[in-house]
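> need coordinates for the following:
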Amino acid sequence: GSQSVSIIDLFGFQAIQQTSGQFQQLCCNLTAEALQQLYQNTVFGQSAAACRAEKVEVLFDAEYNNRSECFQLFTEQHAGVFSLMTKECAMPRMAVENFIREVGLKHAGSACLAGVESSMLSFTILHYHSNVSYDGASVLETNKDTIVDDVVSIFNPPNCSFGFASHLFSTETKAATSGSAANLPSPRGVQHRITPGNAAVPDGDSPPTSLILDYQTKLDGLLYMLGEEPPFFVHCIKTSDPDSTSTFDESVVARQLRQLDVSDTLSLYKFGYSQYWPLDNFNKRFSMIAQSRYRKTSGSDLAAGIMKSVDNASTAAANPSTASLATASASRPQTAGAKTSNLAWAVGENTVFFSEVTRQLLEHRRDLHREYSVVKLQSNFRRWLCVKRWPSLKRMMMSARRSTETLQNGDEISLSGSFALPAVDHDSATCLFTADGYSAPPLPKTRPYTVLGNVKVGFPQARKMTRSFPEFGDPMFMLGQEVHLVGVSANRRGYIRVAKGETTVEVPHQFMNFEKISSEATVSLL
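Next comes the predicted model:
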C-alpha cells in the first residue's frame with residue numbers, strides 16, 4: 001500500500017492577554033493541551049502500563065498532570081464549555097452574562113477552572129502552561145459565525161459577477177431563490193454559516209452547528225489519526241520572551257523544559273524503561289552479541305543472556321582489573337532484571353525492557369561485533385588466497401633468487417660444451433633484475449619512433465583521427481580529420497605530439513590511425 005508521513009505544525013501555547021482573537025487563542029491552547037496529553041501518555045503512560053502488564057517493576061514513574069479533566073470541562077456532552085457556547089449562540093438574543101454564569105455553575109468544582117469574573121464577563125482556565133483568561137463576548141461573537149440571508153442574496157449569480165464568491169455560497173443562494181417564481185432571492189430572515197461547508201441549510205432561524213463544534217470534530221479526527229501509528233514529537237524551545245528576541249534567557253528556557261516535561265523525559269531515558277521491545281524482535285537483532293554459553297538458549301533466557309553479556313563487557317571495559325571477577329560473577333545465578341550504574345533492564349514474559357543508555361550500548365556492541373566478523377571473514381579469505389598461490393609464488397621466488405645469486409657471484413654459465421658466457425658484474429645484473437630479486441625491472445626509455453607491423457616509422461607522420469579529441473567539451477580535433485605527428489611525448493607514455501598551428505598537443509595514440517606512410521620515414525626491422 002501507499003506510505004505517507006503526516007506533519008502537524010502548531011503555533012504553540014499562547015498566553016497573551018488580548019480582547020480580540022480570543023477564540024483562535026482558545027483553539028490553539030486546547031490543541032496544545034491535547035498534544036501535550038498525547039505526549040505524556042505516549043512517553044510515560046505507555047511505558048508504565050507495559051511494565052505493569054508484564055509484572056515488571058517501574059523504575060521511573062513520572063508525576064505528570066493528567067489533563068483529561070481539562071478536556072472534560074470543554075467537551076462534556078451537555079455541560080461542557082463548547083455546548084454552552086453553541087447553546088447561547090443559538091438564542092435569538094445572545095447574552096454573554098448567561099454564558100459566563102452557566103460556566104461558573106456547571107464547573108464550580110473543576111480544578112481546571114481557575115475562576116469566573118462576572119463583572120469582566122470572562123473566565124480563567126488553568127492550562128498546563130499557565131492561567132489564561134478568555135473574554136466571553138469575544139469567543140461568543142466569533143463562534144456565532146452567522147450571516148443573514150439578505151446579505152447572501154447579494155452573491156446570487158444574476159447580481160454578482162465574482163464567480164468565486166457565488167460558488168462559496170451556492171447552496172445558500174439556491175435555498176434563498178427556491179421560493180421565488182422569478183428565480184430571484186427572497187430574504188426570509190434566515191441565518192447562514194459564514195464558514196463554507198456541506199451542512200444542509202436549516203429550516204429555522206439559526207444554523208444547526210457552530211464554529212466551535214466544527215473545531216471539536218476536527219480535533220477528534222486529528223487525535224484519532226495520531227493514535228493509529230506511534231507518533232514522533234519535536235519540541236521547539238524559544239530562547240527568550242517576545243520583547244527581547246536577541247538575548248538568551250535561562251529562566252525562560254528552564255520554564256519551558258519543565259512545562260513540556262522534557263526534564264522528566266530525559267530522566268526516563270536515562271534511568272527508566274523507555275524502550276520495550278517484543279522478545280522475538282530483541283533476540284533476532286542482538287543475539288549475535290551474546291556470549292557463547294547463552295547462544296544455545298532461547299526466549300527470555302537468551303534475552304537475559306544478551307543483557308548479561310553486555311553488562312559484563314561494559315564492566316570489564318570500565319575497570320580492566322576486574323574483568324576476571326566480572327566473568328566469574330556472570331556464571332552465578334542472577335535475577336531477570338538488573339540496574340547498575342550504566343545499564344537498566346528487565347525481561348518479562350513477552351517483552352524486554354531497557355533504558356535508552358542500554359539501547360545505545362547494545363547498538364554499539366552490535367556494531368563492534370559486526371565489524372569484527374567482517375574483518376575476520378576478510379582475513380580468512382586472504383589467508384586462503386595466499387595459501388592457494390603460495391606454491392607457484394615460491395617457485396618464482398626461488399628461481400629469481402638462484403638467478404640473482406649466480407649473476408652476483410660472477411660464475412660462468414655453460415650453455416653447451418663449445419663456449420661459455422663471460423661473467424656479469426653487479427651493475428649489469430641490476431639492469432635485468434633489481435638488487436633484491438623481487439621487484440619488477442625498470443621500464444625502458446621512450447622510443448623516438450613508432451612500430452607498424454615489422455616497420456619502424458619515424459617522424460613526422462600523417463594520421464587520421466578515429467574519434468574526436470577531447471571526447472568531452474569543445475573538440476580540438478574532429479573525427480576523420482588528418483593530423484600531423486611530430487614526435488612522442490617525453491612525460492606521458494602512450495601520448496603523441498600532434499601539431500596544431502604553432503604549438504603541439506599531446507593526444508593518446510588510440511585516437512589516431514595510420515593514413516599513409518612515407519618511404520623516407522620507414523625502416524624495415526626484418
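> and for Leu377, the neighbour number?
10 (other C-beta atoms under 10 Å). From N, CA and C alone the C-beta is placed, and that goes for glycine too.
> which pLDDT value goes with it?
Note on Leu377: pLDDT of 94.
> same deal with Gly12?
The model's pLDDT for Gly12 equals 65.
> just Gln37 next, same as before
So Gln37 comes in at 85 (pLDDT).
> now the helices for the stretch 51-200 of the chain?
Using DSSP state H, counting those that start in this stretch, the helices of the stretch 51-200 of the chain run over 68-75, 81-89, 96-106, 136-144, 149-152, 163-168, 170-177.
> of all these, which lies closest to Thr446?
helix 163-168 (80.5 Å; C-beta to C-beta).
> that closest one - what's its average pLDDT?
On average, helix 163-168 scores 75.
> just how off-centre is it within its chain?
Centroid separation for helix 163-168 versus its chain: 43 Å, with C-alpha atoms, centre = their mean, to the nearest Å.
> please enumerate the strands of the stretch 1-150 of the chain.
Secondary structure of the stretch 1-150 of the chain (DSSP state E, counting those that start in this stretch): strands located at 113-117, 122-126, 131-135, 146-148.
> looking at the ones you listed, which is nearest to Ala304?
So among the strands of the stretch 1-150 of the chain, strand 122-126 is nearest, using C-beta to C-beta, at 46.1 Å.
> for that closest one, which outside residues touch it?
For strand 122-126, contacts defined as C-beta atoms under 8 Å, 6 or more residues apart in numbering pick out 29, 70, 73, 100, 103-104, 111-117, 131-136.
> what angle separates that strand from strand 113-117?
If you take axes from the mean of the first three to the mean of the last three C-alpha atoms, to 10 degrees, strand 122-126 sits at 170 degrees to strand 113-117.
> what's the angle from strand 122-126 to helix 96-106?
Going by the same axes, to 10 degrees, strand 122-126 makes 40 degrees with helix 96-106.
> parallel or antiparallel, which strands does strand 122-126 pair with?
Here strand 122-126 has these sheet partners by DSSP bridges: strand 113-117 (antiparallel), strand 131-135 (antiparallel).
> any idea how far the first one is from the middle of the chain?
The one in question is strand 113-117. With C-alpha atoms, centre = their mean, you get 45 Å for strand 113-117.
> buried residues of it, list them for me.
113, 116 (16 or more other C-beta atoms under 10 Å).
> what about it, average pLDDT?
86.
> tilt between it and helix 81-89?
Using the same axes, to 10 degrees, the inter-axis angle of strand 113-117 relative to helix 81-89 is 20 degrees.
> one more: the last one?
What separates the directions of strand 131-135 and helix 81-89 is an angle of 10 degrees, with the same axes, to 10 degrees.
> any idea how far strand 131-135 is from the chain center?
The chain centroid and the centroid of strand 131-135 are separated by 39 Å under C-alpha atoms, centre = their mean.
> buried sites along it?
Neighbour-count burial for strand 131-135, counted by 16+ other C-beta under 10 Å, picks out 132, 134-135.
> circling back: now the strands of the stretch 1-150 of the chain as CSV including distance to Ser468?
Shown next, in CSV, are the strands of the stretch 1-150 of the chain (distance: least, C-beta to C-beta, whole Å):
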stretch, distance to Ser468
strand 113-117, 83
strand 122-126, 78
strand 131-135, 75
strand 146-148, 74
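> which one of the ones you listed lies nearest to Gln481?
strand 146-148 (81.0 Å).
> confidence-wise, which of the helices of the stretch 51-200 of the chain is weakest overall?
Lowest mean pLDDT of the helices of the stretch 51-200 of the chain: helix 170-177, a mean of 69.
> what is the nearest of the buried residues of strand 131-135 to Arg382?
Closest approach to Arg382 among the buried residues of strand 131-135 (C-beta to C-beta): Val132, at 70.6 Å.
> was I right to think that closest one contacts Asn29?
Yes. Using C-beta atoms under 8 Å, Val132 is in contact with Asn29, at 6.3 Å.
> can you give me the strands in the stretch 251-400 of the chain?
According to DSSP E, counting those that start in this stretch, the strands that the stretch 251-400 of the chain contains are 275-278, 337-339, 344-347, 351-354.
> got the ones you listed as CSV, with mean pLDDT columns?
Formatted as CSV, these follow (pLDDT from 0 to 100):
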stretch, mean pLDDT
strand 275-278, 91
strand 337-339, 47
strand 344-347, 88
strand 351-354, 91
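> select, out of the ones you listed, the one closest to Thr239.
strand 275-278 (31.0 Å).
> tell me which residues are up against that closest one.
Strand 275-278 is contacted from outside by 47, 50-51, 350-356, 358-359, using C-beta under 8 Å, 6+ apart.
> taking the residues you listed together, which two end up most distant?
Based on C-beta to C-beta, the longest span within those runs between Asn350 and Glu356 and measures 21.1 Å.
> which one of these two has more residues nearby?
Glu356 (18 against 13).
> burial check on the closest residue in space to that one that isn't next to it in sequence, number of neighbours?
Using C-beta to C-beta, 6 or more residues apart in numbering and skipping residues adjacent in sequence, the residue nearest Glu356 is Tyr269, 3.8 Å away. A total of 18 residues lie near Tyr269 under the criterion other C-beta under 10 Å.
> show me the contacts for Tyr269.
Contacts of Tyr269 by C-beta under 8 Å, 6+ apart are 355-357.
> check Leu268 too.
Leu268 makes contact with 43-44, 47, 60, 62, 274, according to C-beta under 8 Å, 6+ apart.
> tell me which of those has the lowest pLDDT.
Ala62 (70).
> tell me the spacing between the closest residue to Val357 other than its chain neighbours and Gly80.
Using C-beta to C-beta, 6+ apart and skipping residues adjacent in sequence, the residue nearest Val357 is Lys270, 5.8 Å away. For Lys270, the distance to Gly80 equals 40 Å [C-beta to C-beta, to the nearest Å].
> between those two, tell me which one has more neighbours.
Between Lys270 and Gly80, Gly80 has the larger neighbour count (other C-beta under 10 Å), namely 20 against 14.
> could you report the neighbour count for the nearest residue to that one once chain neighbours are set aside?
Take Gly80 and drop its neighbours on the chain: the residue closest to it by C-beta to C-beta, 6+ apart is Phe74, 5.4 Å away. Neighbours of Phe74 under the rule other C-beta under 10 Å: 21.
> and if you look at the one 5 residues further on?
The burial metric for Ala79, expressed as a neighbour count using other C-beta under 10 Å, is 14.
> just checking, it touches His107?
Yes. Judged on C-beta under 8 Å, Ala79 makes contact with His107 at a distance of 7.4 Å.
> what about Tyr224, how many residues nearby?
The number of residues packed near Tyr224 is 9, by other C-beta under 10 Å.
> sorry, slip of the keys, the one I care about is Lys394.
10.
> any low-confidence regions in the stretch 251-400 of the chain?
Scanning the stretch 251-400 of the chain for pLDDT under 70 picks out 316-342.
> could I get the full set of helices for it?
Ranges of helices in the stretch 251-400 of the chain, per DSSP H, counting those that start in this stretch, are 262-271, 279-286, 299-318, 323-330, 356-409.
> which one of those helices lies nearest to Lys144?
Nearest of the helices of the stretch 251-400 of the chain (C-beta to C-beta): helix 262-271, 39.5 Å.
> list the buried ones in the closest one?
Buried-residue list, helix 262-271, by 16+ other C-beta under 10 Å: 264-265, 268-269.
> what of stretch 468-478?
Within stretch 468-478, the residues that qualify as buried are 468-469, 477, counting by 16+ other C-beta under 10 Å.
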